[in-house]
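**Q** let me see the structure of the following:
(chains A and B)
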Number of protein chains: 2
Amino acid sequence: MRVSKAFIPTVKETPGEAEIPSHKLMLRAGLMRKVASGFYEYLPLGQRVILKVNQIIREEMERAGAQEVLMPIMTPAELWQETGRWQKYGKELMRVKDRHDRDYALGPTHEEVITDMVRRELKSYKQLPMNLFQIATKFRDEVRPRFGVMRSREFLMKDGYSFDVDDAACDKTYWIMFEAYKRIFKRCGLLCSPVEADSGLIGGSFTHEFMVLADSGEAAIAMCEACGYAANMEKAAGVPSPAAVSQATTEAFATVDTPEKYTVEDVGVLLKLPPSQFIKTLIFLADGKPIAVLIRGDHEVNEVKVQNALGTTELVLAPAEKVMEVTGAPVGFAGPVGLKGVKILADNALKDGHDYVTGALVKDKHLVHVEIGRDCAAPWYNDFRSVVTGDGCPKCGKPLKAGRGIEVGQTFKLGTKYSKSMKCVYLGEDSKDHEAVMGCYGIGVTRTVAAAIEQHNDAEGILWPISLAPYQVHLLLLNPAEPEVAKVADQCYEDLKKAGYEVLYDDRADSSAGFKFKDADLLGMPLSVRVGSRGLKEGVIEVKRRREKEPAKVPPAQVLDKVKEFAVEEWKLCAP
Amino acid sequence: MRVSKAFIPTVKETPGEAEIPSHKLMLRAGLMRKVASGFYEYLPLGQRVILKVNQIIREEMERAGAQEVLMPIMTPAELWQETGRWQKYGKELMRVKDRHDRDYALGPTHEEVITDMVRRELKSYKQLPMNLFQIATKFRDEVRPRFGVMRSREFLMKDGYSFDVDDAACDKTYWIMFEAYKRIFKRCGLLCSPVEADSGLIGGSFTHEFMVLADSGEAAIAMCEACGYAANMEKAAGVPSPAAVSQATTEAFATVDTPEKYTVEDVGVLLKLPPSQFIKTLIFLADGKPIAVLIRGDHEVNEVKVQNALGTTELVLAPAEKVMEVTGAPVGFAGPVGLKGVKILADNALKDGHDYVTGALVKDKHLVHVEIGRDCAAPWYNDFRSVVTGDGCPKCGKPLKAGRGIEVGQTFKLGTKYSKSMKCVYLGEDSKDHEAVMGCYGIGVTRTVAAAIEQHNDAEGILWPISLAPYQVHLLLLNPAEPEVAKVADQCYEDLKKAGYEVLYDDRADSSAGFKFKDADLLGMPLSVRVGSRGLKEGVIEVKRRREKEPAKVPPAQVLDKVKEFAVEEWKLCAP
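**A** Numbers count the residues shown, from 1 in each chain, chains lettered A, B, ... in the order given. Below you'll find the model as predicted:
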């Protein structure tokens, strides 16, 4: 494609509306434009990237045995009412009335529609497993659309759904999809970690989020650089640093004065003891009922973990009056010794420690030399804490790091949630009806495009992975006014195209070499070929990788070989 | 793909909901299913066909210099208000309110959005021509969705828009698109005629409809089998059969009694004269004002042509009282001789005739021996009639035929309609602002799929053009219980795939050979390979073209060669 004929409206200035690098660069490089808040249009370069992501997804889904379908965007309300999501979904679900006043939703996801499709055709266990996907436009009326296409209201998504005879078969399909997802993101040139995520209240199922590591990510994750373990912070487990005291004390517990010292830090300074020798006791209301959670002084309670363990739908810190009522003391002096009438939960990390300091259930007093099990009953131990930097990896023991990620995909075991409410059943080998066991698998296509930029950019612009680059080679004609130079560049263009490369040819007659260099850096094709009079006088053409500072200078006859050599290197970075 | 693992729910019975062949066959062959009135889901085979149509469109658009973009489906009301279409569009435009109560339309077409996109970036004439397209989901809330995906409420469409400096440049782009469209439909294996269509009230521009000839088509067209001329009936011109009398009469006109004979037919019988010797005089109200249209007795007035010639927005036959008021006689006795106070239009076909019979402007009386120009003033001649079977082709003179067609594409010169109202201007070489001259170009993707079936089917099922077929080769294992037969079929499967064919392998263990034959005919892949024990005993495998009755019987080692030979023949049928 000749730039002189292409619609690539690049912008020099950083647009004010953009906060994160991918949003800025997608605007500046002319990949997309905003039509309205949360609604974008993709210009030719952006659309080329989208088509490449789609193609990678299609190939890998087919390879994994999934079949492509296409469901309507406009989905009748009746289907959503069957599962109760018509009511539950709230304002994020965009609703439409047709000319006959019938209700529809613009699908934000298609569990209902696909379950309806399958239940109409499913008769026998012999038809299973069934694994179907589509790549289609989705709508979610986000309260606050932001970060460009990263969180928009209309977006492209690949959504897939599997149907299996039982849980074990569903597991098998799940892991096939899991591996396919890893391949997809690798082929997109993304450093992407599948992290264990919280499955929330949906039940005993499990789920992974596929996270592209990037500082601008909305999700907090814990990861181990040594072994690759990664988990959503809400779900992450870590091996705590050792307890301050590893031997039980023989001294009886005793009360000490801690006037106006409420925090672990302050009491620690007073008593000259490290935070890890403290037990913090927090009073929560779990679905309105008070509970106490014990946690080591240097740790934080992970409320999602507490909630999942209890199976409650609401968990809030108890207000001061309630703390007074439950503990007999103001906030800051709670402790397990003598605490009555509430369920007591304790984080696993407390198990190994001894000789603890706790609140005394009396204002301005703490207890020292506390032994759990001796001075108070053994509580309900479980993993109730959030991972902190420095925790050991639960897999390899090396230190965990906190990071941020962009969720580009999610795999989910749904179980029979939808097949039960929508009666998607098959006749089993036992001649009885069974509900199909489902999984669902999503990839944000347009979000993947943004995430790739988020992970691959520098001050000058984008650095496309070759698998997603709108064009693989950017050919620059540096001195368009000189016919001899133009002739060589034209020949390069033909040769490169004939060799099978996608080439963007900056043949513009009215742009300076400097301007073209800047545009090439901004647009970020992985390879560029620069044909200029100075080089040709020396008998060379420059071939440059976007990720490297210096170009290779080769005689014109060797340009194709050098491009091939560099392209092979680039493709290695996207090998699954 | 193995049929045992594929989601291809074929149906034996013809579904009651379907009226036309493509609708029936898309349901029976498991290509799609209805989700709600006018909303369909495409199952794996259907989606494969859609992707092939998309790919052909992409390749040909790129070849023609158009660039692909992707615009949002959800389009803000403000854009539609700028052109006035928010009001004009009526109920066909599906409207949505977001959570902030803002108005949007689900785009049925994207002139406003693309003009907005381009006006923001367009500065100089140097950026033109610009030719952009997308392949995307569209919504039109049809009053009466029918014929399956042929007239649905959500459908896939390729819509393209061009921007040029002036009318001449727009023409050039228009004809490039026109040629690209011809290539696209040929490559889709469709016998498709670009017909001249009426451009209605949009103005002096012109337009072509691309019609797939099929009896089930909604559009009436006139076509010439000799030279390929074709036109929408509303627009078609034809050479009329000769007039009944070719010499002027020397007799003066005279009144004859025609009691209670109102029609050309009745009066003709009475006077023993052919209908072509009559002038019918019809009184219309054009935007409320009476006019008279003269037409030969064997012809019909084409109201669209009258309307376009007059430039009026409404044209209706005058009610009886009005006819009485204007002509002084009841309906049936109007004529040009002595007719006063109304504009008189006459169809060109009247020019060559003489010695006409007309109404006498008196009840139960007609005039004979009427000469136009002698007995009444020369009226305004123009083409005001509809083509009838037997008319001569305006290009070659051979007889025209009436037919029906499915409109799968339309090309349109828009002029400055949108660039004017939306201020899409560029700075010309003359340093002045000019409005871009636009064209637009649509292809119904899902409709093209249905049209292909409409044109290619028989009593047993579909006959896919090889370019659109979900799979090129249907491999049938006829005796799955016999391991030796299965082994040969398995080997065929691997060999065919390795040779680059898309193969659907009916490996089902529990289906009879007869059932598999029936399915193969229904699904309609262009080639099938049938591996059975009877054939293998004779040392042969059957290779069959769907369009031929008898298979070729070849030794196993020659299967690939035979498939290749047949495939080459099939591809020739889709050559552009």
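
**Q** list the buried ones in stretch A:165-178?
**A** The neighbour-count check on stretch A:165-178 (16 or more other CB atoms under 10 Å in any protein chain shown) flags A:165, A:169, A:170, A:173, A:174, A:176, A:177, A:178 as buried. In this view, the C-beta of every residue, glycine as well, is placed from N, C-alpha and C.

**Q** show me what contacts the fifth one?
**A** Residue A:174 makes contact with A:162, A:411, A:413, A:439 under the criterion CB atoms under 8 Å, 6 or more residues apart in numbering or on different chains.

**Q** tell me if the one helix or strand the first one maps to is near chain B.
**A** Using DSSP states H and E, residue A:162 sits in strand A:154-164. Yes. Using CB under 8 Å from any CB of the partner chain, a contact is recorded between strand A:154-164 and chain B, made by residue A:154.

**Q** check which helices and strands that strand sits against.
**A** helix A:44-63, helix A:111-121, strand A:130-139, helix A:167-187, strand A:437-444, helix A:445-455 (3 or more CB pairs under 8 Å, 6 or more residues apart in numbering or on different chains; DSSP states H and E).

**Q** now do the next helix or strand after the last one: everything it contacts.
**A** Secondary structure here is assigned by DSSP H and E; on that basis, the next helix or strand after helix A:445-455 toward the C-terminus is strand A:457-458. Residues lying outside strand A:457-458 but in contact with it, judged by CB under 8 Å, 6+ apart, are A:21, A:22, A:25, A:463, A:524.

**Q** strand A:457-458: what's the following helix or strand?
**A** strand A:461-462.

**Q** measure how far that next one is from the centre of its chain, please.
**A** Remark: strand A:461-462 is offset 22 Å from the chain centroid, using CA atoms, centre = their mean, to the nearest Å.

**Q** near chain B, which residues of the stretch 151-300 of chain A?
**A** Contact residues, the stretch 151-300 of chain A versus chain B (CB under 8 Å from any CB): A:153, A:154.

**Q** one more time with 10 Å, if that's ok
**A** Taking CB under 10 Å from any CB of the partner chain as the measure of proximity, the stretch 151-300 of chain A contacts chain B at A:152, A:153, A:154, A:155, A:156, A:163.

**Q** pipe those residues into TSV and attach neighbour count per row.
**A** As requested, these are exported to TSV (neighbours: other CB atoms under 10 Å in any protein chain shown):
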residue	neighbour count
A:152	26
A:153	24
A:154	24
A:155	23
A:156	22
A:163	29
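
**Q** which among these gets closest to chain B?
**A** Set against chain B, the nearest of these by CB to the nearest CB is residue A:154 (5.1 Å).

**Q** got the CA coordinates for the strand holding residue A:162 in PDB?
**A** The C-alpha trace of strand A:154-164 is given here as PDB (Å, rounded to 0.1, in the frame of the first residue of the first chain):
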ATOM      1  CA  GLU A 154     -19.100  -1.600  21.800                       C
ATOM      2  CA  PHE A 155     -16.300  -4.000  21.200                       C
ATOM      3  CA  LEU A 156     -15.300  -7.100  19.300                       C
ATOM      4  CA  MET A 157     -15.100 -10.200  21.300                       C
ATOM      5  CA  LYS A 158     -14.500 -13.900  20.700                       C
ATOM      6  CA  ASP A 159     -16.900 -15.800  22.900                       C
ATOM      7  CA  GLY A 160     -16.900 -19.600  23.000                       C
ATOM      8  CA  TYR A 161     -19.000 -22.100  24.800                       C
ATOM      9  CA  SER A 162     -18.500 -25.800  25.400                       C
ATOM     10  CA  PHE A 163     -21.000 -28.500  26.200                       C
ATOM     11  CA  ASP A 164     -19.900 -31.800  27.800                       C
END
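
**Q** what's the average pLDDT for it?
**A** For strand A:154-164, mean pLDDT is 98.

**Q** so the residue most central in space within chain A versus residue B:437, what's the distance?
**A** The structure's chain A has its C-alpha centroid closest to residue A:407; by CA atoms, centre = their mean the separation is 1.7 Å. Using CB to CB, to the nearest Å, residue A:407 is found at 46 Å from residue B:437.

**Q** circling back to that earlier point, and the residues of the stretch 151-300 of chain A next to chain B as a markdown table, adding distance to residue A:7?
**A** Converted to a markdown table, those look like this (distance: CB to CB, whole Å):
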| residue | distance to residue A:7 |
| --- | --- |
| A:152 | 21 |
| A:153 | 25 |
| A:154 | 21 |
| A:155 | 22 |
| A:156 | 20 |
| A:163 | 43 |
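
**Q** pop the domain breakdown of chain A in here.
**A** A:46-73+A:107-237+A:402-453, A:254-382, A:471-572 (automatic domain parsing).
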